[in-house]
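**Q** following is a predicted model, sequence given first.
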Amino acid sequence: MANTFKTITKADISNASSTPTTVYTVPSSATCVVLGILCVNKVNASVKVTLLLESDTANTGGGTNANITLAKDILLPSGSSLEFMAGQKYIMQTTDVLKAYSDSSSSVDVSFNYMEIT
């Protein structure tokens, strides 16, 4: 198994909950260890950010994982940033999808840092 550290950046994430920005989709035959998610407010007003995890993978206890909200309406003051899950780890499985949106257009950038195990 190969372990590869990677970063994905997304500028100006969506401002619509109906069409959130796809930050990352775990490829087939891979597992992802989330190391950090940095959200940055680029505008002169407070904004809110929501992070979503879409999952249809089977879990070890039986059944299928559900789509969940990892964080809802995180308030980012003007010009600030937030390291979501700092110091923690989160596992994403094949086909899991991380999505994000804010309540203001062209206001938030996201940096996603992870280790992909293939």
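**A** That came through, no problem.
**Q** spatially central residue in this structure, please.
**A** The chain has residue 98 as the residue nearest its centroid, 4.3 Å off, counting by Cα atoms, centre = their mean.
**Q** residues contacting stretch 23-34, please?
**A** With Cβ atoms under 8 Å, 6 or more residues apart in numbering as the contact definition, stretch 23-34 has outside contacts at 8, 10, 13, 37, 85, 89-100, 110, 112-118. To be clear about C-beta, it is placed using only N, CA and C from the backbone, and glycine gets the same treatment.
**Q** should've said stretch 72-91
**A** Among residues not part of stretch 72-91, those counted as contacts by Cβ under 8 Å, 6+ apart are 31-51, 70-71, 103, 108.
**Q** please indicate which of those residues are buried?
**A** Buried by 16 or more other Cβ atoms under 10 Å: 31-32, 34-42, 47-51, 70-71, 103, 108, out of those.
**Q** low-confidence ranges in this structure?
**A** Regions of the chain meeting the criterion pLDDT under 70 are absent.
**Q** so what are the sheet partners of the host helix or strand of residue 116 and their directions?
**A** Element membership for residue 116, per DSSP states H and E: strand 108-117. In the sheet containing strand 108-117, its partner strands are strand 3-10 (antiparallel), strand 31-41 (antiparallel), by DSSP bridges.
**Q** how far out from the middle of the chain is it?
**A** Between the centre of strand 108-117 and the centre of its chain there are 7 Å (Cα atoms, centre = their mean, to the nearest Å).
**Q** give the closest residue to residue 13 in space, chain neighbours not counted.
**A** Once its chain neighbours are removed from consideration, residue 13 has its nearest residue in residue 21; the separation is 4.1 Å (Cβ to Cβ, 6 or more residues apart in numbering).
**Q** please apply the same query to residue 37.
**A** Of all residues beyond its chain neighbours, the one nearest residue 37 is residue 84 (4.2 Å), with distances taken as Cβ to Cβ, 6+ apart.
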